[in-house]
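Peer 1: Fold the following.
(chains A and B)
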Amino acid sequence: MSESIVEILGLRKVYAGKNPVTAVDGIDLHVPSGLIYGLLGPNGAGKTTTISIATTRAIPTAGSVKIAGIDVVAHPALARCVIGVVPQYNTLDRSCTAFENIYFHCRYFGMAKQVAAQRTAQLLEQFRLSDRAAAYPQALSGGLAQRLQIARAIAHHPKVLFLDEPSAGLDPQSRIAMWDAVQALRGEGITVVLTTHYMEEADAICDRVAIIDHGKILIEDSPAALKASVGGDIIYDLRMRGVRDSGLLEKELATIEGVTRVEVIEGGLRVLARVQDGLLAKVVTTANEYGLRDVTTIEPSLETVFIRLTGRDLRE
Amino acid sequence: MSEAVVNSNDTKIVVYTRAFLGLMQRDFRVLTREIVPFLIRIAMNPLLFLFVFTFVMPHMTGGSTLSPTAGMAAAGGGGFGTVLLPGLMAVAIMFSGIAAVALPLAQEFGVTREIDDRVMCPLPIGAVAIEKIVFSAIQSIFAAAVVFPLAYYIPSTPVLVHVSSWWFFIAVLVLASLLAGALGLTIGTFVQPKQIGLIFGVVIMPITFLGCVYYPWAALSPIKWLQNGVLINPIVYITEGLRAALTPTVGHMPDATILAMLLFFFVLLTLMGLRGFANRVLS
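Peer 2: Residues are numbered from 1 along each chain as shown, chains lettered A, B, ... in the order given. Next comes the predicted model:
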């Protein structure tokens, strides 16, 4: 594995108050250079807090974050030279045009006027925003604003780009355009760390994924390896008319060949099984006698990995 | 890469200076684009005030009796215009600090969070706040400069201006302008964005009317409790400072006291503002 560009060690963040909240509870993370790295987890898992600390906007309770060897807590101003950030919300400067948003960003990072103007023109071209150069952020659609934010975030040639929930609020088409733009950054040698609660997004663009829940990392690997780790599991959620004799059904289902686990969920049972021909028919026939109402099939995906690890859906 | 931003041989101070200047350039660009509203904002209050109190009222029959300080000012030399000139300059300076720092910050910390990109530039967080104060101070000096010709030419009776020490005048003007920026920073970071409208009633009106703007501090001597009470108002030292520097014929506080208090309030409000700013952008 190549050298880690983001090194997170023993990171903890407790928000003080009447009821202290532990947002991050001992995270260790090593992001190799040049990858697109995803932090996947439900809302409130601690993804945004982790990113806030890494991007110098939150002070950790314990632990350290080093980016390209710079300790972000000890040297926040210098660390900002090597990172680019696109937060969840639109933070474009409303008083400046699209061009000026990038241009002044370049100036903050010390580029001379002419260099800054050239870099701005090049980025507007690269992100297909040239025709909107004179537009104010209020006049840009969500997708265009998001692209402009990414263009601005990489304008100073950061080594690591942090994207917090980049597809939140984007329509499907804009989301795919954003994915393309992010994947194109590989060519520029920028490491990307993104958070998401969409498993399709993690699956589609990330080289490695850390699944995070309740402030802890549950597992970390490539999406393919993660999916393989659950043994090519498929999940059948059975919705039952009543819950009578569910204990009996649970036992009966567990004896079917290929079924690895049966769990009680609200309104029915969840069957985890290896992908196998004819299995669904057997499950349905068995459950039918107990008042089966509906079956939902969840194909092997990062979602099944998450369910397997936490017993919950990502969306819950 | 020719456009590499942070060269290893750039010292911290070079990186910081460039970022600071970049922020200033951005603020200038935004200000010049809104130059007309800016000019209206700074000129309207002194223009109307001077017009009504030093031009219209003296022309009315018995107008002088309507202007309570006229007699007092006349005793010290000069008309009400002489009292008002430093007062209105002080209001312009103070109001510029609010308008240049507190109001934009309320918006930027509120819904839009657009200050994020500037907070993320390679500068210590405190320096981003200091830039706000410095830029606001430049606007304050400009606003004070606009008041001067208005207050000199509009009043119907001549205004007695005499600058005996330019150093003292510049020191007062610069300190007062920085103080106004620090006041704006403190207000902008401590007041909740949705309550920013309240500051006009709760902060600006009291500190203006009790800021020795329309009367010299010495003239409060018959009301001792008030004369002592207003000493906690930083605007008092701005008005008295400008009075001492520009219209010394009207009674004023000692020069050294004024400078010391301006410095004291500037440091106090800057420290409070920096703390509030850090609380807002860091968690």
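Peer 1: For the stretch 151-283 of chain B, give me the ranges with low pLDDT.
Peer 2: Across the stretch 151-283 of chain B, not a single residue meets the criterion (pLDDT under 70).
Peer 1: Which parts of it are helices?
Peer 2: According to DSSP state H, counting those that start in this stretch, the stretch 151-283 of chain B carries its helices in the segments B:166-190, B:199, B:205-209, B:224-229, B:234-246, B:255-281.
Peer 1: How about the stretch 1-150 of chain B?
Peer 2: Under the criterion DSSP H, counting those that start in this stretch, helices of the stretch 1-150 of chain B are mapped to B:12-33, B:35-50, B:57-59, B:63-66, B:70-76, B:80-97, B:103-109, B:116-119, B:125-153.
Peer 1: A:K13 falls within a helix, correct?
Peer 2: No: the assignment for A:K13, made by DSSP: H, G, I helix; E, B strand; the rest coil, is strand rather than a helix.
Peer 1: How many neighbouring residues does it have?
Peer 2: Residues within reach of A:K13, counting by other C-beta atoms under 10 Å in any protein chain shown, total 23. Where C-beta positions appear, they are placed from N, C-alpha and C, glycine not excepted.
Peer 1: same check, this time on A:R239
Peer 2: A:R239: 16 surrounding residues under other C-beta under 10 Å.
Peer 1: ditto for A:A139
Peer 2: If you count neighbours by other C-beta under 10 Å, A:A139 ends up with 12.
Peer 1: Contacts only, for it.
Peer 2: By C-beta atoms under 8 Å, 6 or more residues apart in numbering or on different chains, the contact list for A:A139 reads A:R132.
Peer 1: One more: A:G10?
Peer 2: Contact partners of A:G10, counting by C-beta under 8 Å, 6+ apart, are A:G26, A:I27, A:D28, A:A62, A:G63, A:S64.
Peer 1: Parallel or antiparallel, which strands does the helix or strand hosting it pair with?
Peer 2: A:G10 is located in strand A:4-15, with elements delineated by DSSP states H and E. Paired with strand A:4-15 in the same sheet, following DSSP bridges, are strand A:21-32 (antiparallel), strand A:62-67 (antiparallel).
Peer 1: From the contact counts, what lies against the helix or strand that the shortest one is followed by?
Peer 2: Put plainly, it is strand A:62-67. Downstream of strand A:62-67, the first helix or strand assigned by DSSP H and E is strand A:70-71. Applying 3 or more C-beta pairs under 8 Å, 6 or more residues apart in numbering or on different chains; DSSP states H and E, one finds that strand A:70-71 makes contact with helix A:76-82.
Peer 1: which outside residues touch the helix it packs on?
Peer 2: A:55-56, A:67-68, A:70-72, A:109, A:156, A:158-160, B:5-6, B:12, B:15-16, B:120-125.
Peer 1: Which element is encountered next along the chain beyond it?
Peer 2: Where DSSP H and E defines the elements, the next helix or strand beyond helix A:76-82 is strand A:83-86.
Peer 1: Do that following strand and chain B come into contact?
Peer 2: Yes: using C-beta under 8 Å from any C-beta of the partner chain, strand A:83-86 reaches chain B at A:V85.
Peer 1: In its sheet, which strands sit next to that strand, and in what direction?
Peer 2: Partners of strand A:83-86 in the sheet, by DSSP bridges, are strand A:160-164 (parallel).
Peer 1: now the contacts of helix A:76-82: which count as buried?
Peer 2: Buried residues within these, defined by neighbour count using 16 or more other C-beta atoms under 10 Å in any protein chain shown: A:55-56, A:67-68, A:70, A:72, A:109, A:156, A:158-160, B:5-6, B:15-16, B:120-125.
Peer 1: Kindly report the residues of chain A close to chain B.
Peer 2: Residues of chain A that fall close to chain B, judged by C-beta under 8 Å from any C-beta: A:15, A:52, A:55-59, A:76-78, A:80-82, A:85, A:87, A:89-96, A:100-101, A:104-105, A:107-111, A:115, A:118-119, A:152, A:156-157.
Peer 1: Select from the residues you listed every entry located in helices.
Peer 2: A:52, A:76-78, A:80-82, A:100-101, A:104-105, A:107-108, A:115, A:118-119, A:152 (DSSP state H).
Peer 1: who in chain B is up against chain A?
Peer 2: So chain B meets chain A at B:1-6, B:10, B:12, B:14-16, B:18-19, B:21-23, B:25-26, B:29-30, B:33, B:112-125, B:281-283 (C-beta under 8 Å from any C-beta).
Peer 1: Contacts for stretch A:229-248 next, please.
Peer 2: Contact with stretch A:229-248 is made by A:219, A:221, A:249, A:260, A:264-265, A:267-275, A:279-280, A:283, A:287, A:290-300, A:304-305, A:307-308, as judged by C-beta under 8 Å, 6+ apart.
Peer 1: how distant is stretch B:147-166 from the center of its chain?
Peer 2: How far stretch B:147-166 lies from its chain's middle: 19 Å, per C-alpha atoms, centre = their mean, to the nearest Å.
Peer 1: ok, residues contacting that stretch?
Peer 2: The contact list for stretch B:147-166, computed with C-beta under 8 Å, 6+ apart, reads B:42-43, B:46-47, B:50-51, B:54-55, B:58-59, B:77-82, B:84-85, B:88-89, B:92, B:169, B:245-249.
Peer 1: Just the terminal-to-terminal distance for that stretch.
Peer 2: From its first residue to its last, stretch B:147-166 covers 18 Å (C-alpha to C-alpha, to the nearest Å).
Peer 1: which of the residues in that stretch are buried?
Peer 2: Of all the residues in stretch B:147-166, those buried under the rule 16+ other C-beta under 10 Å are B:V147, B:F148, B:L150, B:A151, B:I154, B:P155, B:T157, B:V159, B:L160, B:V161.
Peer 1: nearest to chain A, of the residues you listed?
Peer 2: Minimum distance to chain A across these is 26.0 Å, recorded for B:V147 (C-beta to the nearest C-beta).
Peer 1: Tell me how far A:M111 lies from A:F104.
Peer 2: For A:M111, the distance to A:F104 equals 10 Å [C-beta to C-beta, to the nearest Å].
Peer 1: Ok, B:Y153 next?
Peer 2: For B:Y153 relative to A:F104 (C-beta to C-beta), the value is 39 Å.
Peer 1: got it, and B:R118?
Peer 2: In terms of C-beta to C-beta, B:R118 sits 9 Å off from A:F104.
Peer 1: same thing with B:V119?
Peer 2: According to C-beta to C-beta, B:V119 and A:F104 sit 14 Å apart.
Peer 1: Among these two, which residue is more densely surrounded?
Peer 2: Neighbour totals were compared for B:V119 and A:F104, and A:F104 leads with 26 against 21 (other C-beta under 10 Å).
Peer 1: List the residues that contact the more buried one.
Peer 2: So A:F104 contacts A:D93, A:C96, B:G22, B:Q25, B:R26, B:R29 (C-beta under 8 Å, 6+ apart).
Peer 1: same thing with A:I51?
Peer 2: A:L39, A:V85, A:F162, A:D164, A:V193, A:T195.
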